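Asker: Give me coordinates for this.
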Amino acid sequence: MFYIISKLLSFLLSPVLYLFIFIILSFFSKRRVFFFAFTLFIFYFFTCPFIFNFFSEIIEEEATEIAKIGKFDYGILLGGIASKDENSHQIRYSSNATRLLATLELYQSGRIDTIFISAGKRDTSDYEQIEAVFLKKQLQLYGVAEEKILIEYQSANTHENAVFSAIKLKPKAKNSTYLLITSSYHVRRAKACFEKEGFTIESFAADRLGDVPKLTINQLIPQGNQFAKWDYLIHELVGIVSYKLMGYL
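Answerer: Take a look at the predicted model:
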């Protein structure tokens with residue numbers, strides 16, 4: 001139920017949905033001039049890179065420089081990176097793929113000893129379609145030894161990532177060091193979830209959505225790809241609020 005409600009809230013707060021609603025109202029409402037003006041406002045607000053960058057500064061962690069990372073026993077890689085096409089069996093990477101590449105670089109540079117992938121799939125019983133399973137195989141293709149990759153594939157959200165990772169890694173009983181690897185917009189909520197489950201953990205922020213807000217021509221011209229970035233940011237805001245209400249943080 002919680003999963004459905006959070007997805008519904010993210011949909012209802014999507015900028016594209018409200019843009020669509022106000023476009024319809026601007027055609028059929030008696031106050032069409034007002035709604036048309038508001039449509040233009042909504043469009044510019046959610047497509048202006050400067051505005052997005054300003055708000056992303058509040059939510060996102062600063063991107064982490066790999067050269068400044070110390071050594072850890074485990075690098076915990078969170079899912080949401082890729083899915084597998086059921087017909088072609090090809091892997092389709094999302095914009096979060098930098099998480100995987102950063103994990104590989106951290107491992108190959110000796111900064112993490114073992115990679116732990118926490119990523120399940122709620123709507124499949126096919127073992128090969130589970131994200132943690134096929135990501136492990138991809139890392140092996142990239143040269144990571146099989147014994148250096150551990151997985152858990154029961155989790156379907158960030159809270160469950162932390163819960164099932166704690167069951168596997170037993171942070172309260174072991175004196176190990178952990179590095180949490182996820183997207184910069186996701187770090188705050190994810191780290192809080194893992195700390196709630198007993199981890200003493202540092203974080204690695206990958207694939208930052210926003211840039212430093214600057215009043216330049218490029219950041220003031222509308223760009224269509226900003227809509228997708230706002231969806232990520234709004235989803236994260238919904239996640240933070242709902243997780244606090246549920247006591248997950």
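
Asker: Domains in the protein, by residue range?
Answerer: By the assignment in automatic domain parsing, the chain contains the domains 2-60+217-246, 66-206.

Asker: can you tell me the distance between the two ends of the longest one?
Answerer: For domain 66-206, the first-to-last residue distance is 10 Å (Cα to Cα, to the nearest Å).

Asker: where does it sit relative to the chain's centre, distance-wise?
Answerer: 12 Å (Cα atoms, centre = their mean, to the nearest Å).

Asker: how about the residue nearest to residue 93 when sequence neighbours are not counted, what does it touch?
Answerer: Once flanking residues are discounted, residue 93 sits nearest to residue 82: 4.7 Å by Cβ to Cβ, 6 or more residues apart in numbering. Any C-beta I mention is one placed from the backbone N, CA and C, and that applies to glycine too. Taking Cβ atoms under 8 Å, 6 or more residues apart in numbering, we find residue 82 in contact with 91-94, 97, 100, 131, 134-135.

Asker: still on that earlier bit, hey, which of the domains of the chain is tucked in deepest?
Answerer: domain 66-206 (a mean of 18; mean count of other Cβ atoms under 10 Å).

Asker: mean confidence for it?
Answerer: Averaged over domain 66-206, pLDDT sits at 92.

Asker: all helices of this protein, in order?
Answerer: Using DSSP state H, the helices of the chain run over 2-12, 15-28, 32-47, 49-59, 98-108, 131-141, 158-169, 187-196, 217-220, 226-246.

Asker: And residue 11, what's its pLDDT?
Answerer: 69.

Asker: picking that back up, what is the nearest of the contacts of residue 82 to residue 147?
Answerer: Taking Cβ to Cβ as the measure, residue 147 sits nearest to residue 135 out of these, at 16.1 Å.
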